[in-house]
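Colleague: I would like the atomic coordinates for the input below:
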Amino acid sequence: MGSNSAGAKTIILIAVILVSAGAGTLYYVSSSIGKISTIRSSSSQSTVLTTSTLSQLSLTTTFRSSAPNSSRSSSIPMANQTAMSATTFSNTVYTSNESVFTGKHTHRVAGTFSVGNNPYLFAYDPGRNLIYLTEMGGDDLTVINASTNAIVTTVPVGSWPTGVAFDPANQEVYVTNSNASYVSVVNTTTNNVIANVPVEGNGSQFALYNPFNHNVYVSDYSGASAISVINGTTNQVIQSINLTGGPLGMAYDPMNQFVYVVLHYNNSVAVIDSRNDSLLGSIAVGCAPHEIVYDPTNGDLYVTNQCDGTVSAINGATNLVVATIQIIGEPYGIGYDPISNEIFVSSTYGDNNSYIINATTNTVDDVIPAGAVPDGYVFNPNDGCMYVDAALTDIVTIICLTD
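Modeller: Numbering: from 1, shown residues only. Got it, this is the predicted structure:
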């Protein structure tokens, strides 16, 4: 896949797409959007809770409590990455190792179309009805007409582009360049790069747009191991959040304004309060997590874990792992379908399939071919289908419901 690697081979796959057509309007593309209840505690004492262990799933969390209506601490230490403001949690971890498909929905491959060189991640612009796709091998951003699937143009960006996020407030697209120390900003009217924003490190991977503070969050996984926060109005970095453990995919909760960041090497997910960009703590998940997506229907976050072949489901109200779903191969990419309320997971170094998870039961509904080395996902509201790109064959596969 390229020179940016974790271990023998790394392909950092995420569909970190969150777009808004205005204040309070959210489009479910291939991202983490929806509802998580605000976390508060009525106790002023700290509590230490240990959850039962299942394989790689273990959670030891220290909760720093605050009385209702009091402000949370903005200086929770990162040591051991375990401090988090929260209510009292149950000591139960529920699991699902599903080998028989429940068959809630069935799916079909509706078609494919060719793109550029080594496609990676998507973003969607609902105003212009365009899909943006990073092309790692060509150092390009490909612009696709979401109604016709025709390529509109390609925009040269930086070296080895990976993550992409659309900012509807300024009508700009932010592209992370994993072999450069800057983020390319593309004007969607002219399809030209209008700025290169210096960020932490030299290995930025993913981008996430926050519709409430209009900032863009960029994860650097290889060098600085930090999150750079870019002001969407000035296109300047206004904050750097240090995270150990290789930050990768990100997800956003518009109800409590938390940003969730996958920490690949620490087998955990960090939680950031985006109101002041303070680190609240972390949640332990499976082995070598890569990406995360939010389901607004059940309030759960889903995390792909590469080296144990699982997907961890985190209850957004309690921040506990409530299920682990087994698939074949190495789960990387992940996306959410708001019509069927299903989670799509790519088995990138396994059988090259999309595993489709019923988010109501947390069991596998269906398995559909997704092309050689499937990567990112995006939901297209025009046809109600999920799009997944295949990095090895440079195609996009369209997966639609049959029922």
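Colleague: low-confidence ranges, this structure, go.
Modeller: Low-confidence segments of the chain (pLDDT under 70): 1-103, 223.
Colleague: give me the phi and psi for the nearest residue to Q257 once chain neighbours are set aside.
Modeller: Distance criterion Cβ to Cβ, 6 or more residues apart in numbering; nearest residue to Q257, sequence neighbours excluded, is S274 at 4.9 Å. For the C-beta atoms, the positions are set from N, CA and C on the backbone; glycine is no exception. Phi and psi for S274, reported as degrees, to the nearest 10, are phi -80, psi 0.
Colleague: same question, N213
Modeller: The phi and psi values for N213, taken as degrees, to the nearest 10, are phi -110, psi 0.
Colleague: which non-adjacent residue is nearest it?
Modeller: Nearest non-adjacent residue to N213 (Cβ to Cβ, 6+ apart): S274, at 6.1 Å.
Colleague: try E200
Modeller: Nearest one to E200, counting by Cβ to Cβ, 6+ apart, is A224 at 3.8 Å.
Colleague: what's the neighbour count on that neighbour?
Modeller: If you count neighbours by other Cβ atoms under 10 Å, A224 ends up with 20.
Colleague: so it makes contact with G201?
Modeller: Yes: with contact defined as Cβ atoms under 8 Å, A224 reaches G201; the gap is 3.2 Å.
Colleague: got the contact list for the residue nearest to E200?
Modeller: By Cβ atoms under 8 Å, 6 or more residues apart in numbering, the residues touching A224 are E200, G201, S240, N242.
Colleague: let's have those residues in TSV, adding neighbour count, distance to I356 and secondary structure.
Modeller: Below are the contacts of A224 laid out as TSV (neighbours: other Cβ atoms under 10 Å; distance: Cβ to Cβ, whole Å; DSSP: H, G, I helix; E, B strand; the rest coil):
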residue	neighbour count	distance to I356	secondary structure
E200	20	36	coil
G201	19	35	coil
S240	16	37	strand
N242	12	37	strand
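Colleague: hang on, the earlier thing: neighbours around the residue nearest to N213, how many?
Modeller: Residues near S274, counting by other Cβ under 10 Å, number 22.
Colleague: go ahead and confirm it touches V261.
Modeller: No: counting by Cβ under 8 Å, V261 is not a contact partner of S274; they are 11.0 Å apart.
Colleague: and the residue nearest to E200, how far from G246?
Modeller: As judged by Cβ to Cβ, to the nearest Å, A224 and G246 stand 11 Å apart.
Colleague: and for V345?
Modeller: Here the criterion is Cβ to Cβ. By it, V345 lies 20 Å from G246.
Colleague: neighbour count for these two, which is higher?
Modeller: V345 (29 against 23).
Colleague: now do the helix or strand hosting the more buried one: which elements does it pack against?
Modeller: Per DSSP states H and E, V345 falls inside strand 342-347. For strand 342-347, the packing partners by 3 or more Cβ pairs under 8 Å, 6 or more residues apart in numbering; DSSP states H and E come out as strand 300-305, strand 331-337, strand 353-358, strand 374-380, strand 385-390.
Colleague: no further queries at this time; thank you.
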